[in-house]
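In: Test case, fold it:
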Amino acid sequence: MIDTSRLFESLSRATEFTVTEDHLKLLRHTYRIYWDPGEGYGAPFINPKKPYGNSNVPQDVATILEAPDSDWEDNEEDLPPEDEEPFKILRADAEDRYLRLHVEAGMALKIALATGEFLRGRYTRTNNWSNDWTRQQP
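Out: Numbers count the residues shown, from 1 in each chain. Next up, the predicted model:
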């Protein structure tokens with residue numbers, strides 16, 4: 001499994017990023033925004049354990065993005081009764097892909113908040129510490 005913190009840190013240093021429809025779809029499916037009182041004035045936050053409603057983030061992402069059947073495999077250990085569909089689990093390579101999209105959605109959120117727009121496209125900024133993201137026209 002990928003190291004999500006390291007990946008986000010790496011993405012945070014990028015001076016260009018492409019926001020896709022998949023990133024925006026994930027952001028629209030964010031389950032709940034909470035208020036964290038913290039030690040100061042507080043701030044809104046997304047539940048890091050269940051950002052899309054369940055604790056299996058890669059599987060939630062795959063479901064939201066309507067993953068193809070080839071990304072799933074049957075769980076033969078827990079076969080359901082004949083009248084129910086088999087429980088499926090994500091293939092390991094697909095799990096990493098969907099987890100990466102989840103982390104990238106965090107970057108898309110940073111860009112959306114900086115620009116005031118939730119639009120797909122290629123965004124750039126002047127350097128890796130600024131927040132002056134600008135959408136590049138196609």
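
In: ok so Glu73 is a helix residue?
Out: No - applying DSSP: H, G, I helix; E, B strand; the rest coil, one finds Glu73 to be strand, outside a helix.

In: Can you give me the neighbour number for it?
Out: Look at Glu73: counted by other Cβ atoms under 10 Å, it has 14 neighbours. Yep, even glycine has a C-beta here, placed from its N, CA and C like the rest.

In: what's it in contact with, if anything?
Out: Glu73 is in contact with Lys88, Ile89, Leu90, Arg91, counting by Cβ atoms under 8 Å, 6 or more residues apart in numbering.

In: Recalculate using a threshold of 6 Å.
Out: Arg91 (Cβ atoms under 6 Å, 6 or more residues apart in numbering).

In: tell me which residues form a beta bridge with it?
Out: Glu73 has these beta-bridge partners by DSSP bridges: Ile89.

In: contact partners of the helix ranked longest in the chain?
Out: Longest helix in the chain, counting residues (DSSP state H): helix 92-115. Contacts to helix 92-115, defined as Cβ under 6 Å, 6+ apart, come from residues 2, 4, 7-8, 11, 17, 19, 22-23, 26-27, 57-58, 61-62, 71, 118, 123, 131, 133.
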